[in-house]
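K.L.:
I'd like to go over a predicted model; first the sequence, then the structure.
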Amino acid sequence: MAFVTVAFFLVQSLLPLPILVGILGTYCLGSFYWLWKNQQLKSQFHFCAIMNKSLLFFSALFLSIVFSCSSKRDTGSMNMENWKSDRYGCKGLRIQDLEELERLKHSYLGVDNQALIKTFGRPDRVELVDKSQTFFFYFLEPSGNCDGVEIEKEPLRVLFRLNAISKVSEVTITNQNP
């Protein structure tokens, strides 16, 4: 059963959840049909034993689904409405939350990309460094994408480095590019 749960978590990152549940449900129904067709269901007790195993399997599947869903992370006293409305840092609202972000940045380590997007909104820029690393950029100061802003130096930004399994491995607040 542990193998099935581990396999589910690995496959879930590749397939959308409804497709995965459909595949697993079809597999279970197909197994029951095969047992019935080949007269492998020898008695009512045998059928109940198979049903109990299936119930255990689907219970594990349900718990895996519930605990694998991403949710928003704690942002402390940061004003997330201002953060999300300040794309590319053009309005200067994100810089107001710099101290709180500095305080909380280590709490985002290990968070998956979906939880990050639910918390901070869509990243201002996404950069794929190689096949195993991605950076999410959130600008704190006005960037080159802002209308009427001339950039003299690189703007301050938050960089979330994501590893091959889309988990945050580093959080940096810097003016430098990765």
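P.N.:
Good, I have the coordinates.
K.L.:
can you give me the strands in the protein?
P.N.:
Per DSSP state E, the chain carries strands over the ranges 125-130, 133-139, 157-162, 168-174.
K.L.:
of these, which is nearest Lys84?
P.N.:
strand 133-139 (10.1 Å; CB to CB). No exception for glycine: its C-beta is placed from N, CA and C like everyone else's.
K.L.:
what lines up beside the closest one in the sheet?
P.N.:
Taking DSSP bridges as the criterion, strand 133-139 forms sheet pairs with strand 125-130 (antiparallel), strand 157-162 (antiparallel).
K.L.:
in CSV: the strands of the chain, plus mean neighbour count.
P.N.:
As requested, the strands of the chain are exported to CSV (neighbours: other CB atoms under 10 Å):
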stretch, mean neighbour count
strand 125-130, 12
strand 133-139, 20
strand 157-162, 22
strand 168-174, 15
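K.L.:
that older thread, ok, of the strands paired with strand 133-139, where does mean pLDDT dip lowest?
P.N.:
Mean pLDDT per stretch puts strand 125-130 lowest among those, at a mean of 91.
K.L.:
restrict it to CA atoms and write it as CSV.
P.N.:
Extracted as CSV, the C-alpha positions of strand 125-130 are listed here (Å, rounded to 0.1, in the frame of the first residue of the first chain):
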residue,chain,number,x,y,z
ARG,A,125,8.7,36.6,-14.5
VAL,A,126,9.5,32.9,-14.7
GLU,A,127,12.9,31.8,-15.8
LEU,A,128,13.9,28.2,-16.6
VAL,A,129,17.6,27.9,-15.9
ASP,A,130,17.9,24.3,-16.9
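K.L.:
which residues does Val126 bridge with?
P.N.:
Beta-bridge partners of Val126, counted by DSSP bridges, are Phe136.
K.L.:
can I get the strands paired with strand 133-139 in a markdown table including distance to Val171?
P.N.:
As requested, the strands paired with strand 133-139 are arranged in a markdown table below (distance: least, CB to CB, whole Å):
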| stretch | distance to Val171 |
| --- | --- |
| strand 125-130 | 15 |
| strand 157-162 | 6 |
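K.L.:
ok, for Glu154, nearest residue in space, not its chain neighbours?
P.N.:
The spatially closest residue to Glu154, leaving aside those adjacent along the chain, is Asn175, at 4.5 Å (CB to CB, 6 or more residues apart in numbering).
K.L.:
before we move on, what about Arg103?
P.N.:
Gly76 (6.8 Å).
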